[in-house]
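Visitor: The following block contains a protein sequence and its predicted model.
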Amino acid sequence: MTRRKTSETGSIGEAMEAADDRPVARAMAPTLGELWSRRLARRDVLKGIGKAALLASASALPLAACGDTSGFAPDDIFGFAEVPHGVDETHHVGAGHSADILIRWGDPVLPGAPEFDPLNQSAERQLQQFGYNNDYVGFVPLPYGSRSSDRGLLCIHHEYTNDDLMHPGLVPAPGQNPLELFTREIAEISMAAHGGSIVEVARGKDRKWNVVRDSAYNRRITPLATPMRISGPAAGHPRLQTSEDPEGRTVMGTLNNCAGGITPWGTWLMSEENINFYFMGTPNDEIEATNHARIGIPAPFSYPWGRWHKRFDVAAEPREPNRYGWIVEVDPLDPASTPVKRTALGRFKHEGCENALTKDGRLAIYSGDDQQFEYMYKFVSRDKVNTKDRTANAALLDEGVLYVARFDADGSGSWLPLIHGQNGLDETNGFADQADVLIEARRAGDILGATPLDRPEDVEPHPVTGKVYAALTNAKERTADKVDAVNPRAGNLWGQIVEMTPGGGDHASENFTWTLLVKCGDPSDPAIGAAWNEETSADGWFACPDNVAIDAKGRLWVATDQGSGWHAASGTADGLYALATGGDKRGVARQLFRAPIGAEVCGPIFTPDASALFLAVQHPAADGTVNFAGFNRRSTYADPATRWPDFDANMPVRPSLLVITAGKGSPVGG
């Protein structure tokens with residue numbers, strides 16, 4: 001989930017939409033990866049025709065002929081009629097399905113929480129209510145350890161806030177900085193609307209899903225009021241020590257939580273993504289200034305929280321940003337538990353932390369770094385997962401190896417270990433210890449020669465085949481001289497999906513092979529260079545893949561995020577698509593759900609029996625409404641492009657979580 005560029009009079013939410021379309025600069029000598037690429041190029045010249053040349057010639061073949069074609073795509077792979085492309089004020093779902101609003105921004109979460117009153121907001125109220133811009137959704141069945149599809153805990157991220165759509169009056173005059181309109185109250189409501197929510201949900205006898213309002217499990221996690229423990233190699237390190245926390249072991253809250261994951265022992269992994277948009281000022285520490293620049297601090301436009309909370313002012317607290325950009329582990333089954341930031345998993349703009357067991361029972365966690373020309377990572381735990389005692393895994397994520405990916409032109413790839421003292425990750429390059437490597441994981445990846453990708457977002461391992469699917473959303477800044485096999489298009493507005501096969505079928509392997517499942521965009525326009533199975537219809541193709549999920553049929557469910565550029569990328573609203581990954585239908589996509597104008601869809605997750613699909617719809621009315629025919633202007637609180645989902649003149653537009661079901665308890669999507 002990513003935010004793109006705005007004018008200086010635009011909203012902070014729009015400014016965050018610029019984050020991943022602005023690659024950060026790198027300045028260094030040739031990396032190990034560049035040297036390796038030169039070696040590959042020289043080898044192929046000497047051989048006359050190398051594997052890279054064969055791959056290039058194969059890329060013109062229909063994608064359905066590539067990769068694994070084993071039986072994960074039967075003829076009835078698409079058991080639903082597709083929703084056509086289009087854009088309007090409401091959502092649409094395939095025939096035979098229902099898409100019901102389950103919970104909206106401002107709805108009560110904690111027992112006794114007040115009902116939502118848009119004209120009487122406060123931080124105290126928001127701390128008890130559902131947060132803004134719901135993103136990732138995880139499902140933990142209840143009772144724990146069961147395969148229940150009728151009751152469970154939803155773990156939901158609240159990525160960021162569109163404050164001008166939340167509050168009346170936040171409309172800047174021409175040339176005015178919208179930050180001038182912020183008050184401390186608005187800033188703290190924004191802080192309270194970030195983070196995450198845990199809500200118990202249950203399906204009644206009428207087959208309808210509802211939030212259990214008085215559940216003891218229900219919980220809000222925010223950067224305003226949720227203390228967190230720091231663990232792993234960077235815990236207590238001087239670069240995490242601040243005036244508020246001189247020991248470097250406790251931090252207040254989590255920021256910009258995007259895609260996430262659920263561990264085999266039922267804990268919730270919260271990613272921290274675009275953390276740079278929360279820090280103002282200029283650091284007076286030369287080392288940290290260089291470090292912050294690599295992750296985009298100072299940002300061109302940021303939340304003004306630092307006016308009232310000095311930890312967000314890097315002039316006052318230059319080390320505070322080092323305490324964000326991690327993975328946070330939360331136990332949703334223990335409402336009194338303290339969330340923990342697991343520093344062994346590295347610090348960068350995390351998108352997703354889905355996981356799979358290795359052959360010997362350890363845990364591998366995959367994550368993208370969601371910005372143009374950033375990298376893909378994998379963490380493998382040192383110890384095995386205890387499948388019998390969930391409490392025995394309490395410190396499992398504190399020890400292990402973090403890897404960064406290199407994709408070679410011959411269709412092979414390597415996971416490069418980020419270990420202090422190896423391959424240039426030492427004092428000669430400014431890494432005094434393993435904590436330095438993890439704090440500056442991006443720079444460590446630069447030195448190792450990881451492959452810069454077209455915005456790597458969600459990364460999902462298939463639970464049956466073991467293949468790993470990665471959404472590369474887009475990279476319009478990629479130039480013709482920087483294209484390569486895995487990033488094959490310059491000015492890429494549309495993205496692609498990579499399929500990786502771990503060496504030996506083992507997620508612990510340091511080697512893999514890869515191929516492109518699809519190259520997104522309109523296949524009818526040769527200039528775009530899209531590649532789909534030829535059976536994909538005029539309504540089936542999509543642009544800008546973001547979140548992904550896999551169902552029992554092997555279908556990859558893809559949620560898209562085109563941002564404000566939807567009119568140029570596809571001309572249709574964002575949606576949720578089923579994409580076949582094997583058999584004769586491999587590379588065929590079909591749309592099940594279409595979002596309202598200005599929204600993206602996020603976090604698709606199925607119940608164990610696939611009879612329900614939970615889906616987040618965030619920032620409706622926000623993205624690209626100037627290109628919405630008949631509206632053609634920016635949305636505001638008083639004048640939004642849609643009032644979805646309430647369509648009530650007294651209610652603002654509200655990000656919401658939906659549940660999609662099919663008739664008679666049938667699997668979603670047929």
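Guide: Looks like it came in fine. Numbering: from 1, shown residues only.

Visitor: Please, which helix or strand holds the closest residue to Ala485 other than its chain neighbours?
Guide: Distances taken as Cβ to Cβ, 6 or more residues apart in numbering place Ala409 nearest to Ala485, at 4.5 Å, with adjacent residues excluded. In short, each C-beta sits where N, CA and C put it, glycine included. For Ala409, there is no enclosing helix or strand under DSSP states H and E.

Visitor: Quick check, Ala409 in contact with Val483.
Guide: No - with contact defined as Cβ atoms under 8 Å, Ala409 does not reach Val483; the gap is 11.0 Å.

Visitor: Where do the strands of the stretch 301-450 of the chain begin and end?
Guide: Secondary structure of the stretch 301-450 of the chain by DSSP state E, counting those that start in this stretch: the strands cover 327-330, 340-342, 350-357, 362-369, 372-374, 376-384, 400-407, 412-417.

Visitor: Nearest to Asp546, out of these?
Guide: Shortest distance between Asp546 and the strands of the stretch 301-450 of the chain, using Cβ to Cβ, is found for strand 350-357: 8.4 Å.

Visitor: which other helices and strands contact that closest one?
Guide: strand 261-262, strand 268-271, strand 362-369, strand 456-461 (3 or more Cβ pairs under 8 Å, 6 or more residues apart in numbering; DSSP states H and E).

Visitor: any idea of the mean pLDDT for the shortest one?
Guide: Spelled out, it's strand 261-262. Averaged across strand 261-262, pLDDT comes to 98.

Visitor: Give me the below-cutoff pLDDT ranges for the protein.
Guide: 1-21, 25-75 (pLDDT under 70).

Visitor: and if we set it to 90?
Guide: The chain contains residues with pLDDT under 90 at 1-77, 79, 171-180, 282-287, 300-301, 552-553, 663-665.

Visitor: Contacts only, for Gly266.
Guide: Going by Cβ atoms under 8 Å, 6 or more residues apart in numbering, Gly266 touches 140, 144, 331-333, 390.

Visitor: run the last query once more with 6 Å
Guide: By Cβ atoms under 6 Å, 6 or more residues apart in numbering, the contact list for Gly266 reads 140, 144.

Visitor: try the one 4 residues further on
Guide: Contacts were defined as Cβ under 6 Å, 6+ apart; by that measure Met270 touches 196, 254, 257, 260, 328.

Visitor: who wins for most neighbours among those?
Guide: Using other Cβ atoms under 10 Å as the neighbour criterion, Val328 leads these with 31 neighbours.

Visitor: Show me what that one is bridged to.
Guide: With DSSP bridges as the criterion, Val328 is bridged to Met270, Lys341.

Visitor: all helices for the protein, in order.
Guide: Per DSSP state H, the chain carries helices over the ranges 12-16, 32-47, 51-58, 123-126, 163-166, 184-193, 286-295, 434-439, 441-448, 566-569.

Visitor: can I assume Val588 is in contact with Ala580?
Guide: Yes - with contact defined as Cβ atoms under 6 Å, Val588 reaches Ala580; the gap is 4.9 Å.

Visitor: What about the nearest residue to Ala395 once chain neighbours are set aside, how many residues nearby?
Guide: Closest residue to Ala395 apart from its sequence neighbours, by Cβ to Cβ, 6+ apart: Ser231 at 7.3 Å. Using other Cβ under 10 Å, Ser231 has 20 neighbouring residues.

Visitor: What distance do you get for Ile497 to Ala552?
Guide: Distance, Ile497 to Ala552, using Cβ to Cβ, to the nearest Å: 20 Å.

Visitor: So the two - more neighbours on which side?
Guide: More neighbours surround Ile497 than the other of Ile497 and Ala552, with 23 against 13 (other Cβ under 10 Å).

Visitor: The more buried one pairs with what?
Guide: Residues in beta-bridge contact with Ile497 (DSSP bridges): Ala471, Val518.

Visitor: now Thr501
Guide: Applying DSSP bridges, one finds that Thr501 bridges with Thr513.

Visitor: Just give me the neighbour total for it.
Guide: 21.

Visitor: and it, what is it in contact with?
Guide: 467, 512-513.

Visitor: can you list the strands of the stretch 301-450 of the chain in a markdown table and add distance to Gly306?
Guide: What follows is the strands of the stretch 301-450 of the chain, written out as a markdown table (distance: least, Cβ to Cβ, whole Å):
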| stretch | distance to Gly306 |
| --- | --- |
| strand 327-330 | 21 |
| strand 340-342 | 21 |
| strand 350-357 | 22 |
| strand 362-369 | 25 |
| strand 372-374 | 25 |
| strand 376-384 | 29 |
| strand 400-407 | 30 |
| strand 412-417 | 36 |
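
Visitor: what about Gln372, how many residues close to it?
Guide: With other Cβ under 10 Å as criterion, Gln372 counts 23.

Visitor: was I right about it contacting Pro23?
Guide: Yes - between Gln372 and Pro23 there is a contact at 4.3 Å, judged by Cβ under 6 Å.

Visitor: Could you name every residue contacting both of those two?
Guide: With Cβ under 6 Å, 6+ apart, Gln372 and Pro23 have common neighbours Glu477.

Visitor: Excluding chain neighbours, give the residue nearest to Trp566 in space.
Guide: Trp566's closest residue in space is Gly624 (Cβ to Cβ, 6+ apart), at 5.2 Å.

Visitor: And for the one you found, the neighbour number?
Guide: When neighbours are counted by other Cβ under 10 Å, Gly624 registers 23.

Visitor: Show the contacting residues for it.
Guide: 564, 566-567.

Visitor: Make JSON lines out of those and add neighbour count and distance to Lys359.
Guide: Converted to JSON lines, the contacts of Gly624 look like this (neighbours: other Cβ atoms under 10 Å; distance: Cβ to Cβ, whole Å):
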{"residue": "Ser564", "neighbour count": "22", "distance to Lys359": "44"}
{"residue": "Trp566", "neighbour count": "25", "distance to Lys359": "42"}
{"residue": "His567", "neighbour count": "15", "distance to Lys359": "47"}
